[in-house]
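1. I'll drop the sequence and a predicted model, then ask my questions.
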Amino acid sequence: MQVDNHAPIVVATDGTERSAGALRYAVHEARRRAVALRIVHVAPPAALSEPMFGFAPDIAEDLRAHGRTVLADAEATARSLGTDLSIETVLAAGAQADELVAAAGDGQMVVLGRETRSAVRRLLTGATTATVAGRTSVPTVVVPADWQLVEHGRMVVGIESEDCARPLLGRAFERAAQRGAELVVIHAWDLPVPYSDVIDPHRYVREWRAAGAKLLSTVLEEWRRAYPGVAVETVVVHGQAAQALVEGSEASDLLLIGRRPHGPLHWAHLGATARSVLRASHVPVEVVAPGTSADG
């Protein structure tokens with residue numbers, strides 16, 4: 001998919017501190033790209049309720065009123081950060097992930113706060129960030145609540161295999177070129193459980209390191225030629241991929257990871273590595289959808 005570089009930056013807010021970093025990040029991106037900002041709040045499905053025994057109208061209106069307050073506060077914050085912004089607010093109601101995917105459909109990026117709920121609550125209600133990142137056709141950026149604008153001049157991208165490297169590297173090189181940042185490309189390898197318990201992986205370090213270096217050399221060749229001004233560092237790590245990416249992205253501006261194309265029965269899911277990264281990263285994480293092609 002070709003991302004429209006004139007489309008708005010879409011950001012979700014729930015009115016809590018969890019959304020604060022996402023809002024700051026979205027304002028920064030909208031100003032940097034000189035595009036509009038769309039702030040979205042999704043009220044619970046009860047906000048759509050039809051009258052029921054005389055109670056539902058009051059409940060529904062209270063939920064909608066709270067949603068309007070959340071949006072007004074977010075807009076005021078955004079304007080205090082960027083007085084030159086064009087801002088649109090959207091109050092939706094229904095299933096949170098569904099509404100956010102719909103609101104992001106004609107945007108160029110959707111920005112979400114990092115998931116902070118307990119594992120049990122995520123199990124019961126679903127992880128909104130991972131669901132949205134797994135379904136949107138535009139890049140999704142998940143931002144820690146405490147994010148502040150500090151430029152490190154360094155971006156990190158994780159490459160798992162040659163199959164999903166092209167759209168991810170295309171996006172990563174464009175982002176790095178725009179910001180004059182160094183690009184660190186990480187490939188991590190490890191034996192899956194239970195093989196890691198019965199086979200000593202250190203016996204194969206030399207072979208796997210050579211295989212990883214060859215993989216990165218192959219997938220980077222096209223992009224090094226296309227972006228000769230982008231400084232590139234490659235890192236091949238023995239270890240669990242999510243941990244390697246989270247640790248490797250410390251003191252960076254952005255961590256980019258890819259989303260595998262799935263068949264019709266798995267189109268709404270991210271892999272375990274991506275989900276772990278979204279929960280643990282201390283820097284913004286951009287999930288690049290398959291087929292993404294963009295200047296931005």
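-> Arrived safely, thanks for sending. Numbering: from 1, shown residues only.

2. okay, and His66 sits in which element?
-> helix 56-81 (DSSP states H and E).

3. for that helix, packing partners?
-> Helix 56-81 is packed against helix 20-33, strand 37-43, strand 87-93, with contacts defined by 3 or more Cβ pairs under 8 Å, 6 or more residues apart in numbering; DSSP states H and E. C-betas here are computed from N, CA, C, even on glycine.

4. just send those back as a markdown table, with mean neighbour count too.
-> Formatted as a markdown table, those follow (neighbours: other Cβ atoms under 10 Å):
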| stretch | mean neighbour count |
| --- | --- |
| helix 20-33 | 22 |
| strand 37-43 | 25 |
| strand 87-93 | 17 |
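
5. list the buried residues of the helix holding His66.
-> Ala60, Leu63, Arg64, His66, Gly67, Val70, Leu71, Ala74, Glu75, Thr77, Ala78, Leu81 (16 or more other Cβ atoms under 10 Å).

6. so it versus helix 20-33, what angle?
-> Inter-element angle recorded for helix 56-81 and helix 20-33: 50 degrees (by axes from the mean of the first three to the mean of the last three Cα atoms, to 10 degrees).

7. average pLDDT for helix 56-81, rounded please.
-> Per-residue pLDDT over helix 56-81 has a mean of 89.

8. that helix: how far from the chain's middle?
-> 25 Å (Cα atoms, centre = their mean, to the nearest Å).

9. quick one: it to strand 87-93, angle?
-> Using the same axes, to 10 degrees: helix 56-81 against strand 87-93 is 160 degrees.

10. grab the nearest non-local neighbour of Val156.
-> Ser249 (4.2 Å; Cβ to Cβ, 6 or more residues apart in numbering).

11. how about that neighbour, what does it touch?
-> Contact analysis of Ser249 by Cβ atoms under 8 Å, 6 or more residues apart in numbering lists Val156, Leu255, Ser281, His282, Val283.

12. closest one of those to Leu100?
-> Ser281 (19.6 Å; Cβ to Cβ).

13. from Thr128, how far off is the closest one?
-> 16 Å (Cβ to Cβ, to the nearest Å).

14. who has more neighbours out of those two?
-> Ser281 (23 against 20; other Cβ atoms under 10 Å).

15. separation between the more buried one and Arg18?
-> 15 Å.

16. dump the buried residues of helix 56-81 to a markdown table, plus distance to Leu91.
-> Conversion of these to a markdown table gives the following (distance: Cβ to Cβ, whole Å):
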| residue | distance to Leu91 |
| --- | --- |
| Ala60 | 12 |
| Leu63 | 10 |
| Arg64 | 7 |
| His66 | 10 |
| Gly67 | 5 |
| Val70 | 9 |
| Leu71 | 6 |
| Ala74 | 11 |
| Glu75 | 12 |
| Thr77 | 17 |
| Ala78 | 16 |
| Leu81 | 21 |
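
17. ok, which pair from those is furthest apart?
-> It's Ala60 and Leu81 that sit farthest apart of those, by Cβ to Cβ, at 32.1 Å.

18. so where do the strands sit in the stretch 51-200 of the chain?
-> Per DSSP state E, counting those that start in this stretch, the stretch 51-200 of the chain has strands spanning 87-93, 109-113, 140-143, 154-158, 182-189. These are given in chain order.

19. mean neighbour count, those strands: which tops it?
-> strand 109-113 (a mean of 28; mean count of other Cβ atoms under 10 Å).

20. tell me which other helices or strands it touches.
-> strand 9-12, helix 20-33, helix 96-104, helix 128-135, strand 140-143.

21. rerun that using 6 Å as the cut-off
-> Strand 109-113 is packed against strand 9-12, helix 20-33, strand 140-143, with contacts defined by 3 or more Cβ pairs under 6 Å, 6 or more residues apart in numbering; DSSP states H and E.

22. just the pLDDT at the closest residue to Arg260 other than its chain neighbours, thanks.
-> In space, and not counting its chain neighbours, Arg260 is closest to Cys164: 5.7 Å by Cβ to Cβ, 6+ apart. The model reports Cys164 with a pLDDT of 80.

23. again, but for the one 10 residues further on
-> With respect to pLDDT, Glu174 scores 93.

24. from Ala95, how far out is it?
-> The separation that Glu174 has from Ala95, given Cβ to Cβ, amounts to 33 Å.

25. do Ala34 as well
-> From Ala34 to Ala95 the distance is 33 Å (Cβ to Cβ).

26. okay, these two: which has more neighbours?
-> Ala95 (15 against 11).
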